[in-house]
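**Student:** requesting a structural model of the entry that follows:
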Amino acid sequence: MLKICNKLCFIFFTLTVIFSTLAYADESIQSSIDTQQESNNETLTPDKAVDYYNQAVSLIMSRYKFDVSKEDLYRATVEHLIKENPEIIYEVFSGLFGSLDKYTTYYSEEEMQSFITGISGEICGIGVMITTVNNGLLITNVYEDTPAMESGLMIGDIITKVGDINLAGLDISIAQSYVLGEPGTSVNLTINRKGSEFQINPVRRKVYVSNGYYQCLENDTIGYICLSEFDEHIADYTKGALSVFDSKNITDIILDLRNNPGGSLNAMVELCNLFVPAGPVINLEYKNPFRNVVLYSENNYIKYNLIVLINENSASASEAFAAAVQDSGAGIVVGSKSFGKGTMQNLLNLKIGGGIKITEAEFLSPNMRKINGIGVTPDVIAPDKTVAYENSKFNSVTYERILKEGDVGEDVMAIEQRYYALGLSVGIPDGIYDNKTYTAAINFQKITGLYPYGVTDITTQLKIEEVLNGNDVVLNTSLEKAIDIFKNDDWTKYKHEWDAQ
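**Tutor:** The predicted structure follows:
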């Protein structure tokens, strides 16, 4: 960018010399030049250089005798700069593609490799699920047995810097590329947690990302599936969960897509084939209308009652799936309005190295509802509430026994609820101290400096209370509402007729 600015500065001063030879014939030009000459000693910043260039273009457009368009001037300028300085082509590409929508991005060779690695399912990083926010990368999930978990990172933390690199405003794939790296190397992260900043230095290693988890709720009457993203394995994973529910004759299914950033379009269609009746599930609109396409579910046998959970971090494929469920009548959607990313990108390699991720299509719901920039509105608005921690909002901790794997009871439920509130993966609290609870206990003990042996002893129970006191917690409002609808109501009465917007 600096080289481009220097070139622009040269062009500006060259134009100044030319203009000065005409100044005696036009007092208005002379006045303008005098003002500019007075500031010749000022520090030339990128913004000022761009302003000077725009002034020169405006002057040409208003006074130059012969026909010329701004497009001709911009093209000539860029071509001149590239010919004189071919090495700036990468910076030009960055500016060119970066001027389009926020999902179209130019990748250097290194960034391209990091992006491909990031979507492969086997990542050398720290073990978090992320989405972009204004000041960096919001952590929406922290995976078990990962550097992130061991470093004490929590859901809701924001990674604002990697080393000295500010992540604010960066494309998510580029920002992620700075976090990823060689196994065994440390990465310096600046973390914003509820307005306070601190730094950590986790050591990268191979991270195997799970598809999510599933379990039976309410005495085996409701099946719950939480999906972390839409990858190539999501349909098989969901089929496995449904086979367990089928064996228990469970037909009421809650599919949790909260904080799911989306992923593969093919995976979304495959998931629709499990829940959505035969018919259209998504419309893809390209620049060339002859390329437009409608994708379909081929499911002629629907046997599940479905509630889908979404929130403000549900994006892309997760939004498309929720909209397909609504439009087809396959189920209802509960939670808060989704993110609003309704576009599809394609990845292209460039001959000079690197590549581009370019927005090629916008997707619409089966009823032609627009999602991009709008999001999906739930049939039942029930956002997860963030409140100050209070004991009364959870089951009571009795401090009467040491809890270990295999234990069952209300005191186990109380501890699970608090682990869940801390962002530790225990599944949905059910009062059973299983392997997930055991792992959560180990992770909590590692984070807080206690002996990590997976038993929630009295010292650990007291430490949990100490950590939670004075902090905010997120209540599982959406899930509780979905369970209540299945248990006490007719879910079909919540259906809306969603028409094109």
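
**Student:** and the residue nearest to Glu270 when sequence neighbours are not counted, how far is that from Tyr143?
**Tutor:** Excluding its sequence neighbours, the residue lying closest to Glu270 (Cβ to Cβ, 6 or more residues apart in numbering) is Ala235, at 3.8 Å. Placement of C-beta: from N, CA and C, glycine included. When Cβ to Cβ, to the nearest Å is the yardstick, Ala235 and Tyr143 sit 21 Å from each other.

**Student:** what does Ser247 give?
**Tutor:** Using Cβ to Cβ, we find Ser247 at a distance of 28 Å from Tyr143.

**Student:** ok, the two, which is more surrounded?
**Tutor:** Between Ser247 and Tyr143, counted using other Cβ atoms under 10 Å, Tyr143 has the larger neighbour count: 19 against 9.

**Student:** I figured the more buried one hits Asn211, correct?
**Tutor:** No. Shown here, Tyr143 and Asn211 do not form a contact pair, counting by Cβ atoms under 8 Å, at 11.5 Å.

**Student:** doesn't Asn266 lie inside a strand?
**Tutor:** No. Applying DSSP: H, G, I helix; E, B strand; the rest coil, one finds Asn266 to be helix, outside a strand.

**Student:** and the strands in the stretch 51-200 of the chain, which stretches?
**Tutor:** Ranges of strands in the stretch 51-200 of the chain, per DSSP state E, counting those that start in this stretch, are 105-107, 122-125, 128-133, 136-142, 158-162, 165-166, 189-193, 196-200.

**Student:** lowest average pLDDT across those strands?
**Tutor:** Confidence, taken as mean pLDDT, is least for strand 122-125 of those (a mean of 72).

**Student:** residue contacts, Ser186?
**Tutor:** Counting by Cβ atoms under 8 Å, 6 or more residues apart in numbering, Ser186 makes contact with Asn201, Pro202, Val203, Arg204.

**Student:** highest neighbour count among these?
**Tutor:** Of the contacts of Ser186, with other Cβ under 10 Å as the count, Pro202 tops at 22 neighbours.

**Student:** got the contact list for that one?
**Tutor:** With contacts defined as Cβ under 8 Å, 6+ apart, the neighbours of Pro202 are Ile126, Pro147, Ala148, Glu150, Ser151, Leu153, Ser186, Val187, Leu189.

**Student:** from the residues you listed, which single one is nearest Ala175?
**Tutor:** Nearest to Ala175 among the contacts of Pro202 is Leu189, at 11.5 Å by Cβ to Cβ.

**Student:** in contact with that closest one, which residues?
**Tutor:** When contacts are counted by Cβ under 8 Å, 6+ apart, Leu189 is found next to Ile126, Ile159, Lys161, Val162, Val179, Gln199, Ile200, Asn201, Pro202.

**Student:** tell me which of the contacts of Pro202 is nearest to Phe321?
**Tutor:** Scanning those for proximity to Phe321, where the rule is Cβ to Cβ, the winner is Ala148, at 27.0 Å.

**Student:** can you give me the pLDDT of the closest one?
**Tutor:** Model confidence at Ala148 (pLDDT) stands at 89.

**Student:** mind checking which of the contacts of Pro202 land in helices?
**Tutor:** The helices, defined by DSSP state H, take in Pro147, Ala148, Glu150 from the contacts of Pro202.

**Student:** contact partners for the first one?
**Tutor:** For Pro147, the residues meeting the contact criterion (Cβ under 8 Å, 6+ apart) are Gly125, Ile126, Gly127, Pro202, Val203, Arg204, Arg205, Val207.

**Student:** so the first one bridges to which residues?
**Tutor:** Meaning Gly125. Arg205 (DSSP bridges).

**Student:** let the chain start at 55 from now.
**Tutor:** Shifting the count to begin at 55 puts that one at Gly179.

**Student:** would you confirm that it contacts Leu234?
**Tutor:** Yes. Shown here, Gly179 and Leu234 form a contact pair, counting by Cβ under 8 Å, at 4.6 Å.

**Student:** who's more crowded, the two?
**Tutor:** For Gly179 versus Leu234, the count of surrounding residues by other Cβ under 10 Å is larger for Gly179: 25 against 19.

**Student:** where along the stretch 255-404 of the chain do the helices fall?
**Tutor:** Under the criterion DSSP state H, counting those that start in this stretch, helices of the stretch 255-404 of the chain are mapped to 288-301, 319-329, 371-382.

**Student:** chain center to stretch 416-427: distance?
**Tutor:** The chain centroid and the centroid of stretch 416-427 are separated by 19 Å, computed with Cα atoms, centre = their mean, to the nearest Å.

**Student:** how about stretch 433-445?
**Tutor:** Once both centres are worked out by Cα atoms, centre = their mean, stretch 433-445 turns out to sit 21 Å from its chain's centre.
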